[in-house]
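J.: Quick one, structure for this:
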Amino acid sequence: ACIARLRRSVLVRSEGASPVRMPVRDLIEARPRLYQFASHLRKEVYSVAAMRWPTLWLFARLPVGLADNLVSAKTHLTIEGYAASANSFATHAFMDSQPDEVVVAHHTHSPAQVARAVKLGVPVLLLVRKPGDAVASAVARFHQHCRQPTKCAALELRSYRRFYAGVDRFAGSVLVARFDEVVADFGRIIERLNELYGTSFVRFEHTPERVAAVFEHFLFAKPEEAREGVKADIQRLIDTDLRSKYVATEGMYRALSSHASA
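T.: The predicted structure is shown next:
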């Protein structure tokens, strides 16, 4: 049932896919086991390298088109978190609310980004979401061809732990914001940034109209009914088959979220 829902999710997402990418998508559909193996291998290498060799990993991203996402002395704000933790919403909501152009470092999902931002004195917004919710959302969004949901969820749980283990030492010196806070009142998050760093960023007016406008930037991350069933299935796997792994990860979340306050 989980696999069927995952494939239906692919169909929903592919409706707006560009003609250029469709042959690649068809090729992947024809070789799901190969795709899953390659995807898992890439994820493991990515997260291990980002944790063990953070600075080297960060600069290795320059040739692959992520230079604009990396923190520098010219960056106004760094926004980082595990995937599926409102990274896209926070980034676009922040940029849209500022009257002047701002430089935001974001979406590397690497502890190295946070470490370098702290070293440079750049304000950091560290996003954190309950691991069960974050992992279920990540699997539903990024593992559409997953044939072994338990392994896919276990992979994402490891990535979650590696990321936050790498940034834990900075939790007391950066602004930590929970997912529920970000999506409920991002204007308050910006106020807290100003209070912590002495900045003068303009508050985001968290109205339904403004939120809808922000989601127009990244429709792929907008909540979809087609993914809800998948997320529910993955959450059940986490609560049963992966319970022991989840407990340790949940403890990490509680420790980090204790630094967040409305």
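J.: Tell me which stretches of the stretch 151-262 of the chain form helices.
T.: 179-184, 186-197, 208-215, 225-239, 243-257 (DSSP state H, counting those that start in this stretch).
J.: Reformat those as a markdown table; add mean pLDDT and mean neighbour count.
T.: Bear in mind the C-beta positions are built from the backbone N, C-alpha and C, glycine included. As requested, those are exported to a markdown table (pLDDT from 0 to 100; neighbours: other Cβ atoms under 10 Å):
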| stretch | mean pLDDT | mean neighbour count |
| --- | --- | --- |
| helix 179-184 | 96 | 19 |
| helix 186-197 | 98 | 18 |
| helix 208-215 | 93 | 14 |
| helix 225-239 | 82 | 19 |
| helix 243-257 | 91 | 15 |
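J.: can the ones you listed go into TSV with extra columns for distance to Ala136?
T.: Output for the helices of the stretch 151-262 of the chain, formatted as TSV (distance: least, Cβ to Cβ, whole Å):
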stretch	distance to Ala136
helix 179-184	12
helix 186-197	22
helix 208-215	20
helix 225-239	4
helix 243-257	11
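J.: Identify whichever of the ones you listed lies nearest to Pro111.
T.: Closest approach to Pro111 among the helices of the stretch 151-262 of the chain (Cβ to Cβ): helix 243-257, 12.7 Å.
J.: just so I know, which of the helices of the stretch 151-262 of the chain lies nearest Ser137?
T.: helix 225-239 (5.9 Å).
J.: any idea how far that closest one is from the chain center?
T.: Mean-position distance between helix 225-239 and its chain equals 17 Å (Cα atoms, centre = their mean, to the nearest Å).
J.: same thing with stretch 85-105?
T.: Going by Cα atoms, centre = their mean, where stretch 85-105 is centred and where its chain is centred differ by 14 Å.
J.: for the protein, what helix or strand is lowest in average pLDDT?
T.: helix 2-14 (a mean of 40; mean pLDDT, DSSP states H and E).
J.: excluding its backbone neighbours, what's nearest the residue most central in space within the chain?
T.: For the chain, Ala83 is the residue whose C-alpha lies nearest the centre (Cα atoms, centre = their mean; 1.9 Å). Closest residue to Ala83 apart from its sequence neighbours, by Cβ to Cβ, 6 or more residues apart in numbering: Ala138 at 5.1 Å.
J.: ok now do the one you found, which residues does it touch?
T.: Contact analysis of Ala138 by Cβ atoms under 8 Å, 6 or more residues apart in numbering lists 82-84, 156.
J.: residues in contact with Tyr246?
T.: 131-132, 157, 238-239.
J.: And Val102, how close does it get to His109?
T.: Going from Val102 to His109 by Cβ to Cβ, to the nearest Å gives 21 Å.
J.: Name the residue in these two with the higher neighbour count.
T.: A count of neighbours by other Cβ atoms under 10 Å puts His109 above the other of Val102 and His109, at 19 against 14.
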